[in-house]
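Enquirer: Let's see this in three dimensions:
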Amino acid sequence: MAKYNPYDNVLETIEAAATILNLPKKDYEALKYPERELKVAIPVEMDNGDVKVFEGYRVQHSSSRGPCKGGIRFHPDVEIDEVKALAAWMTFKCAVVNLPYGGGKGAVNVDPKSVSRAELRRLTRRYTAMILPLIGPEKDIPAPDVNTNEEVMGWIMDTYSMFKGYTVSGVVTGKPIGIGGSLGRSAATGRGVMLITREILHRLGLPVLETTVAIQGVGNVGGTAARLLSKEGMKVLALSDVTGGIFKAEGLDVEKVLEYTKNGGMLSEYSQEHVEHITNKQLLTLNVDVLIPAAMENQINDEIVNDVKAKIVVEGANGPTTNEADKILASKGIIVVPDILANAGGVIVSYFEWVQNIQALTWDEDEVNRTLEKIIIRAFNEVWDSKKELHTTMRMGAYAVALERLCDAKRIRGIFP
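Expert: This next block holds a predicted model:
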């Protein structure tokens, strides 16, 4: 099997959406190329006195609609094509929910579990210094992603501020509340997944109560979505982490599972009455109403797609479905709500945080959640209408909405010089 390249997925999707819209090539050609790609070497003095050099990246895909926006991930297998794809997905995600942002993404090739907290802090600060020429509240605003969190964002904000000589809260989002973070930010992506899941069920005339759900991933996105979906009356039958999954036919006690994982427990060792252990592959092929892949890219691929039985797939992760698998799901009549819509709750509330920082204001959590719901449901409605008008899938409907906005911005601004 050929090596999976997520950026090839992006290019193919852009071409497909442009074809549906009958766009001339000159309108979208620039979107096939990231504006900037920075690769940096990050020397870190380890606790034992040795120096180790890590590789890092920051990619800015598009700034046509505003500053670039996108997370930073720490992962041992990260590579440039993955970062480019993630930056491009951010461009389309911001456009589909109509935020005044473009897409960016950063990464460091490191396993955070293999370094101490002090080493991770030194690594983060040096990485920030290396990408400093690219970032800033008016040009590129990082945020948390896989294996990074609010503490890491605090280190980045402080490092950037030390270079500037004054506090710059708006250089990152996803910060701790005490230094300019927004209420509701940590739960925002999972909350958006819940809202989108509820909305697609309404649109398809399916009941919310007793709807069965399987979620791959029990971190910030998957765990929050599981909790909120359960509160809505849905039955979460399965959850998984990197070590494996758990399944209970009557529905899991989500709060109990999340309390266990919060304290460092691995699901491969989770033990409760009537709970079965399953693999991640088994989870993805369970006979449930809704499947939510909320882990990493390339999970629903040609190896498992023919065994997927869910009626609806809501993409909590970025790029969890390959293009080939997406076509097969469509042929099977499985509705896929694409990542650029389904998991946009995080960037929406990141936008709120940035606005609060710039204006030196704070919003209460009810206002954050209410405005998040308004924006993401409006985006859902626009994508649904686009899907119907163009007689296509929700993914192509979403990309069509986003591509039109991006091409409009490029046409208005023109090509420099």
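
Enquirer: need the helices for this structure, in chain order.
Expert: For the chain, the helices defined by DSSP state H cover 6-21, 25-28, 80-96, 117-131, 150-164, 188-203, 220-231, 254-262, 280-284, 323-331, 339-342, 345-359, 365-390, 394-413.

Enquirer: Next, the angle from the fourth one to helix 150-164.
Expert: Computed with axes from the mean of the first three to the mean of the last three C-alpha atoms, to 10 degrees, the direction of helix 117-131 lies at 50 degrees from that of helix 150-164.

Enquirer: how about helix 117-131: buried residues?
Expert: 119-128, 130-131 (16 or more other C-beta atoms under 10 Å). In this view, the C-beta of every residue, glycine as well, is placed from N, C-alpha and C.

Enquirer: elements contacting that helix?
Expert: Contact partners of helix 117-131 among helices and strands, from 3 or more C-beta pairs under 8 Å, 6 or more residues apart in numbering; DSSP states H and E: strand 36-45, strand 51-62, strand 102-108, helix 150-164.

Enquirer: ranking these by burial, who's on top?
Expert: Most buried of these by mean neighbour count (mean count of other C-beta atoms under 10 Å) is strand 102-108; its value is a mean of 29.

Enquirer: Stretch 96-104 spans what distance, first to last residue?
Expert: 15 Å (C-alpha to C-alpha, to the nearest Å).

Enquirer: where's the residue nearest to residue 392 when sequence neighbours are not counted relative to residue 8, distance?
Expert: Distance criterion C-beta to C-beta, 6 or more residues apart in numbering; nearest residue to residue 392, sequence neighbours excluded, is residue 20 at 6.0 Å. To residue 8, residue 20 is 19 Å away according to C-beta to C-beta, to the nearest Å.

Enquirer: for residue 335, same thing?
Expert: Counting by C-beta to C-beta, the gap from residue 335 to residue 8 is 25 Å.

Enquirer: Likewise for residue 277?
Expert: From residue 277 to residue 8 the distance is 35 Å (C-beta to C-beta).

Enquirer: And residue 386, by the same measure?
Expert: Taking C-beta to C-beta, one finds residue 386 at 24 Å from residue 8.

Enquirer: Then residue 323?
Expert: Taking C-beta to C-beta, one finds residue 323 at 8 Å from residue 8.

Enquirer: Report how many residues lie close to residue 176.
Expert: 15 (other C-beta atoms under 10 Å).

Enquirer: In contact with the closest residue to it other than its chain neighbours, which residues?
Expert: Excluding its sequence neighbours, the residue lying closest to residue 176 (C-beta to C-beta, 6+ apart) is residue 150, at 4.8 Å. For residue 150, the contact set (C-beta atoms under 8 Å, 6 or more residues apart in numbering) comprises 144, 174-176, 181, 186.
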